[in-house]
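1. Here's my sequence, what's the structure:
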Amino acid sequence: MNHHHHHIQGLIASGTKHVVRRTFAAGKAKKGGRGGGDAPLSKEIKSTTVVGANTLKDGSDPNISPASTYYPDWVWRLLHNRPALSELRRKNVETLPYDDLKRFVKLHTRSKIKENNSIKANN
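-> From the prediction side, this is the model:
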């Protein structure tokens, strides 16, 4: 080891450039290594714990918190399906609720930008 250290220092001192590359032998991976075990889990364990989230040596996987108490209300609104631009275009803009009107303007603007970009790209 000491011999390598002096050799590298000599190369650096002489100003030569060398590329050192670490390579690995090709072949089959050994069986029974660390991690990677896909042991079958019961449905009960899968639905009550966050499997694989433990980072502590002597710890265990954390339990899943009851959804209604742990997360804020806005998280559940993310799951609602919102209308597509084509659906909003079929409706009367003057009677749209405020949130749908905002969505219509955003999606309409986005589609115009994409259309203009594609026209510019083709010219």
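
2. what about the longest helix in this structure?
-> Secondary structure assigned by DSSP state H gives helix 98-122 as the longest helix of the chain.

3. And the contacts of it?
-> Identification of contacts with helix 98-122 by Cβ atoms under 8 Å, 6 or more residues apart in numbering yields Arg82, Pro83, Ala84, Leu85, Leu88, Arg89, Lys91, Val93, Leu96. All C-beta spots, glycine's among them, are computed from the backbone N, C-alpha and C.

4. Show me the shaky parts of this protein.
-> Where the chain drops to pLDDT under 70, the residues are 1-47, 66-69.

5. Trp76 and Gly52: what is the separation?
-> 25 Å (Cβ to Cβ, to the nearest Å).

6. out of these two, which sits in the busier spot?
-> Trp76 (11 against 8; other Cβ atoms under 10 Å).

7. The more buried one and Tyr70, how far apart?
-> When Trp76 is compared with Tyr70 (using Cβ to Cβ), they lie 12 Å apart.

8. Using CSV, write out every CA atom in stretch 95-111.
-> Provided in CSV are the C-alpha atoms of stretch 95-111 (Å, rounded to 0.1, in the frame of the first residue of the first chain):
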residue,chain,number,x,y,z
THR,A,95,-71.6,30.5,-15.7
LEU,A,96,-68.4,28.6,-14.6
PRO,A,97,-67.5,28.5,-10.9
TYR,A,98,-64.5,30.6,-10.1
ASP,A,99,-62.1,27.6,-9.7
ASP,A,100,-63.2,26.2,-13.1
LEU,A,101,-62.8,29.6,-14.7
LYS,A,102,-59.2,29.8,-13.3
ARG,A,103,-58.5,26.3,-14.6
PHE,A,104,-60.0,27.2,-18.0
VAL,A,105,-57.8,30.3,-18.4
LYS,A,106,-54.7,28.4,-17.3
LEU,A,107,-55.3,25.5,-19.7
HIS,A,108,-56.3,27.7,-22.6
THR,A,109,-53.2,29.8,-22.1
ARG,A,110,-51.0,26.7,-21.9
SER,A,111,-52.5,25.3,-25.1
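
9. Use 443 as the first number for this chain going forward.
-> Sure thing, new numbering starts at 443, so read that last one as stretch 537-553.
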